[in-house]
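Peer 1: Structure of the sequence below:
(one chain, ligands or ions: 3)
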Amino acid sequence: TRENKIEYRSPIICILGHVDTGKTSLLDKIRNTNVQGGEARGITQQIGASFIPIEAIKEQTKSFAEKVKMDFKLPGLLLIDTPGHESFNNLRSRGSGLCDVAVLVVDIMHGLEAQTIESINLLRMRNTPFIVALNKVDRIYEWKTCVNTNFVDAYKQQSKPAIQEFDSKVKETIAALAGQELNSELWWRNKDYKKVVSLVPTSAQTGEGIADLMLVVIQVMQKLMLEKVIYQEKLQCTLLEVKVIEGLGCTIDVILVNGRLKEGDKIVVSGFNGPIETNIRSIITPPPLTESRVKSQFIQHQEIKAAMGVKIVASGLEKAVPGTSLYVVDEDDDINAIKAEAIKEVESVLNDIETSGIGVSIQASTIGSLEAFSSFLKKIKIPVANVAVGPVAKKHVMSAAIMLEKDPKYAILLAFDVKIEDSAKQAANDMKVKILSEETIYLFEKKLKDHFDEIRQKLREETA
Ligand code: GTP
Ligand code: NA
Ligand code: MG
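Peer 2: Ligands and ions are numbered 1, 2, ... in the order given. As a prediction, the model looks like this:
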């Protein structure tokens with residue numbers, strides 16, 4: 001059939017959620033279960049991204065997949081873990097912007113929490129389908145552990161009190177999600193993946209529901225997003241992080257969404273001071289199931305095909321801008337055109353961000369987080385005059401200082417997860433420009449409120 005000829009890439013699945021709900025533990029469990037099966041092979045673990053080949057998933061879900069007559073069409077899953085604390089920043093620009101489907105992890109005992117709701121809004125904004133993992137079911141009162149059992153079977157083993165508490169927790173979650181204008185249902189009761197969010201109870205500790213989670217993720221992908229993951233040769237590659245690693249120097253972590261990368265490829269990436277042209281010295285991934293950063297333990301690849309998370313070693317990457325695209329320059333490509341595109345990518349985002357003559361100055365670590373930050377400020381009705389990506393330098397403070405004349409209450413610079421250079425701090429001090437700095441958007445809300453309350457209070461005192 002025609003479908004058999006279509007090649008699918010692995011979908012990118014982002015794991016989001018409130019701090020300590022068990023995102024990383026769930027990933028560990030998914031990887032560990034495979035180790036317990038005696039097959040450590042086949043799982044390539046990235047820093048932040050883990051590739052789970054379909055064979056490993058089939059093995060892990062074997063008896064269960066047969067029962068639900070699962071038809072696997074995808075080559076695997078590329079799972080991206082996001083850290084809880086920086087979640088807001090990271091998930092916007094580096095995770096949720098890339099992912100095809102998300103898993104939103106909720107602690108079943110806590111229900112929806114601050115970052116859960118933030119994540120929901122984020123996913124909605126980007127129209128990304130998601131599944132809710134109701135994690136830590138083993139904490140349910142009198143829960144009988146059924147190690148690595150699919151949830152439907154584990155549920156059947158439970159006593160009345162356990163079932164009662166579980167049912168009431170699920171009810172509470174469904175009601176709380178309804179409060180966020182979301183219909184949700186336990187996955188085996190969900191008849192409409194398009195309109196209803198599936199709830200998958202899990203335990204990252206004892207393994208109940210892990211098989212269900214993987215199957216539901218694959219099902220949602222195959223039912224709603226299959227077209228989107230048809231493999232394409234045209235390169236689509238996003239820079240996640242810039243990291244200095246002992247023995248390797250400056251490296252970049254990228255997510256290769258489509259196409260392929262080869263050793264020696266000439267590449268162009270956006271830099272804070274303009275496009276960077278360099279050659280791929282090596283493409284590496286850590287060996288399966290280790291977190292080692294020792295050079296000799298990395299696996300080198302002459303060529304790698306999407307979708308995959310890889311580390312690239314090359315010179316001159318220090319000023320690369322996370323969140324932007326990586327381009328490969330082929331022999332007959334016009335490098336200047338590609339460089340122009342790299343510049344355009346940075347500029348077009350900056351231009352898209354609504355600015356006005358009078359307003360605050362904002363700065364963020366990535367293009368994606370800057371976008372997110374600006375839409376957040378729009379929502380809370382704070383006008384923005386200047387935007388920039390990267391560390392705060394003196395010149396940025398100078399731009400913010402212009403507001404001292406125009407409207408002094410906006411003579412502030414909001415530094416979202418970026419370093420502030422000493423010269424900038426000094427300049428801000430000298431010119432009486434306030435710099436507010438936070439690692440998450442969430443924390444800015446209160447700071448901004450306090451700032452503007454203080455100004456209002458001052459005005460009141462002055463006019464009194
Ligand atoms: P951040 O990345 O910091 O946001 O946290 P996280 O969501 O990745 O959670 P993490 O995996 O670090 O787990 C937080 C704590 O919850 C750890 O102590 C885990 O051992 C525990 N935990 C995670 N999943 C489960 C679970 O299913 N059951 C129980 N009982 N504990 C769990
Ligand atoms: Na944690
Ligand atoms: Mg974690």
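
Peer 1: my guess is residue 111 meets residue 173, correct?
Peer 2: Yes. Checked against C-beta atoms under 8 Å, the pair residue 111 and residue 173 is within contact range at 5.6 Å. (Glycine included, C-beta is placed from N, CA and C.)

Peer 1: Neighbour count: those two, which is higher?
Peer 2: residue 173 (22 against 16; other C-beta atoms under 10 Å).

Peer 1: Could you pull up the residues touching the more buried one?
Peer 2: Contact analysis of residue 173 by C-beta atoms under 8 Å, 6 or more residues apart in numbering lists 106, 108, 111-112, 132, 134, 184, 199.

Peer 1: Considering these, which is situated nearest to ligand 3?
Peer 2: residue 106 (14.3 Å; C-beta to the ion).

Peer 1: Just the pLDDT for that closest one.
Peer 2: Per-residue pLDDT puts residue 106 at 97.

Peer 1: What lies in contact with the strand or helix carrying residue 369?
Peer 2: Using DSSP states H and E, residue 369 sits in helix 367-379. Outside helix 367-379, the residues that touch it by C-beta under 8 Å, 6+ apart are 88-89, 92-94, 97, 122, 125, 321, 323-324, 345-346, 349-350, 352-354, 360, 362-364, 383-384, 387, 389, 414, 416-417, 441, 444.

Peer 1: Would you map the helices across the stretch 301-450 of the chain?
Peer 2: With DSSP state H, counting those that start in this stretch as the criterion, the stretch 301-450 of the chain has helices at 335-352, 367-379, 394-401, 403-406, 422-431, 441-463.

Peer 1: Adding distance to ligand 1, mean pLDDT and mean neighbour count, write the ones you listed out as a markdown table.
Peer 2: Converted to a markdown table, the helices of the stretch 301-450 of the chain look like this (distance: least, C-beta to the nearest ligand atom, whole Å; pLDDT from 0 to 100; neighbours: other C-beta atoms under 10 Å):
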| stretch | distance to ligand 1 | mean pLDDT | mean neighbour count |
| --- | --- | --- | --- |
| helix 335-352 | 27 | 87 | 15 |
| helix 367-379 | 18 | 80 | 21 |
| helix 394-401 | 31 | 96 | 20 |
| helix 403-406 | 36 | 96 | 14 |
| helix 422-431 | 30 | 97 | 15 |
| helix 441-463 | 13 | 83 | 13 |
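
Peer 1: Can you lay out those helices as CSV showing distance to residue 178?
Peer 2: Formatted as CSV, the helices of the stretch 301-450 of the chain follow (distance: least, C-beta to C-beta, whole Å):
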stretch, distance to residue 178
helix 335-352, 34
helix 367-379, 22
helix 394-401, 43
helix 403-406, 43
helix 422-431, 46
helix 441-463, 23
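
Peer 1: Can I get those helices in JSON lines including distance to ligand 3?
Peer 2: Converted to JSON lines, the helices of the stretch 301-450 of the chain look like this (distance: least, C-beta to the ion, whole Å):
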{"stretch": "helix 335-352", "distance to ligand 3": "28"}
{"stretch": "helix 367-379", "distance to ligand 3": "19"}
{"stretch": "helix 394-401", "distance to ligand 3": "32"}
{"stretch": "helix 403-406", "distance to ligand 3": "39"}
{"stretch": "helix 422-431", "distance to ligand 3": "32"}
{"stretch": "helix 441-463", "distance to ligand 3": "17"}
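
Peer 1: Relative to residue 245, which of those helices is closest?
Peer 2: Among the helices of the stretch 301-450 of the chain, helix 367-379 comes nearest to residue 245, with 23.3 Å by C-beta to C-beta.

Peer 1: My reading is that residue 102 lies in a helix. Confirm?
Peer 2: No. Residue 102 is assigned strand when assessed by DSSP: H, G, I helix; E, B strand; the rest coil, not a helix.

Peer 1: give me the number of residues near residue 101?
Peer 2: By other C-beta under 10 Å, 23 other residues sit near residue 101.

Peer 1: Tell me what it is bridged to.
Peer 2: Beta bridges link residue 101 to residue 13, judged by DSSP bridges.

Peer 1: ok, now which ones touch it?
Peer 2: Applying C-beta under 8 Å, 6+ apart, we find residue 101 in contact with 11, 13-14, 128-131, 217, 220-221, 224-225.

Peer 1: repeat for residue 130
Peer 2: Residues near residue 130 by C-beta under 8 Å, 6+ apart: 16, 101-104, 123, 197.

Peer 1: Residue numbers of this structure in contact with ligand 1?
Peer 2: Residues of the chain lying close to ligand 1 by C-beta under 6 Å from any ligand atom are 17, 19-25, 83-84, 135-136, 138-139, 203-205.

Peer 1: hmm, which two among the contacts of residue 173 are most spread apart?
Peer 2: Distance extremes for these: the farthest pair is 108 and 184 at 13.1 Å, using C-beta to C-beta.
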